[in-house]
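J.: attaching a predicted model along with its sequence, questions to come.
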Amino acid sequence: MPDPISSASTPVLRTRQLHVVLGGRQILHDINLTLHRQEIVTLIGPNGSGKSTLVKALIGAIRPLSGRVDIATGARIGYVPQRLHLDPTLPVSVARFLDLPRRHSRQRVSEALHDAGAGDLRRMAMHHLSGGQFQRVLLARALLMQPDILILDEASQGLDHKGTAAFYKHIEAVRQRYRCAVLMVSHDLHVVMRSANHVVCLNGHICCEGKPERVALSSDYRALFGDHAADSLAFYRHDHEETADVG
């Protein structure tokens, strides 16, 4: 079980020298990660770099070989998985799905759906939802926890560019409303530049981290993603910021 952080002045989540071995193979080593309330941190890295393994260690689904995951006393974690398989022959409405495994008040379910941008989906069958609608319902499920920490494991996977942009726009609104820390695992590097306060680049260990534009210029980032990707991201960030300043 994660150990609590007792001091109110400390981050809402912190790992210390986290080391994870699965099937006799080292997946992660020396992971020191810090999350502060209302901060958006994006975790990036190539396939097989250990991103999902780290998320599972943070939520307690995997026990690390050594090191610690410290969570602020009383802090609640909301988790949006990369994918969730539901039997299409099982007729479950959105409202019923959100009441599993325990019931919530009708008002709380309505609030969570509204905050996730899924307020009109309550009566729909889960197997009739589009990819974007399904992900918003999963987000609503996480928000029922009234999370202090919201973790999204490539939650926009399978969505088109427009759907991805809309989904992460809602994440920004959620961060403001719930005052929660947000940890996003993303394969969309442009989303990283647009959305994150802090980027952590992972490849078995933390290669580099910092503000998005600083990470895009680092040699470790370029070694993983190539100079072209880094240059296009740096340009995208600069262009986006200049556009946002106009008017």
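T.: Received the coordinates, thanks.

J.: CA only for contacts and neighbour counts going forward, please
T.: Will do.

J.: and stretch 214-222, average pLDDT?
T.: For stretch 214-222, the mean per-residue pLDDT is 86.

J.: distance of residue 203 from residue 43?
T.: For residue 203, the distance to residue 43 (CA to CA, to the nearest Å) stands at 10 Å.

J.: mind listing the strands for this protein?
T.: Secondary structure of the chain (DSSP state E): strands at 3-5, 13-22, 25-31, 34-35, 40-44, 66-72, 77-80, 149-153, 181-185, 198-202, 206-210.

J.: and for the fourth one, what are the contacting residues?
T.: Meaning strand 34-35. For strand 34-35, contacts defined as CA atoms under 8 Å, 6 or more residues apart in numbering pick out 11-15, 41, 181-183.

J.: sheet partners, orientation included, of that strand?
T.: In the sheet containing strand 34-35, its partner strands are strand 13-22 (antiparallel), by DSSP bridges.

J.: for residue 71, grab the count of nearby residues.
T.: Residue 71: 23 surrounding residues under other CA atoms under 10 Å.

J.: for it, give me the pLDDT.
T.: With respect to pLDDT, residue 71 has a value of 96.

J.: my guess is it meets residue 10, correct?
T.: No - with contacts counted by CA atoms under 8 Å, residue 71 stays clear of residue 10, the gap being 9.6 Å.

J.: dump the residue contacts of the spatially closest residue to residue 203 that is not a sequence neighbour.
T.: Of all residues not flanking residue 203 in the chain, residue 49 sits nearest, at 4.2 Å (CA to CA, 6 or more residues apart in numbering). Listed by CA under 8 Å, 6+ apart, the contact partners of residue 49 are 27, 202-204.

J.: try it again with 10 Å
T.: By CA atoms under 10 Å, 6 or more residues apart in numbering, residue 49 lies in contact with 27-28, 201-206.

J.: low-confidence ranges in the protein?
T.: The model of the chain has pLDDT under 70 over residues 1-9, 188-193, 228-247.

J.: mind doing that once more with 50?
T.: Counting by pLDDT under 50, the chain has low-confidence residues at 1, 6-8, 235-247.

J.: mind listing the helices for it?
T.: Assigned by DSSP state H, the chain shows helices spanning 51-58, 94-98, 106-115, 131-143, 161-178, 189-195, 212-216, 219-225, 227-245.

J.: can you say which of these is nearest to residue 78?
T.: helix 131-143 (4.4 Å; CA to CA).

J.: next, the angle from that closest one to helix 161-178.
T.: 20 degrees (axes from the mean of the first three to the mean of the last three CA atoms, to 10 degrees).

J.: may I see the buried residues of helix 131-143?
T.: Buried residues in helix 131-143, counted by 16 or more other CA atoms under 10 Å: 132-143.

J.: any chance of a markdown table for the strands of the chain, columns distance to residue 128?
T.: As requested, these are exported to a markdown table (distance: least, CA to CA, whole Å):
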| stretch | distance to residue 128 |
| --- | --- |
| strand 3-5 | 40 |
| strand 13-22 | 36 |
| strand 25-31 | 37 |
| strand 34-35 | 36 |
| strand 40-44 | 31 |
| strand 66-72 | 37 |
| strand 77-80 | 19 |
| strand 149-153 | 23 |
| strand 181-185 | 26 |
| strand 198-202 | 35 |
| strand 206-210 | 40 |
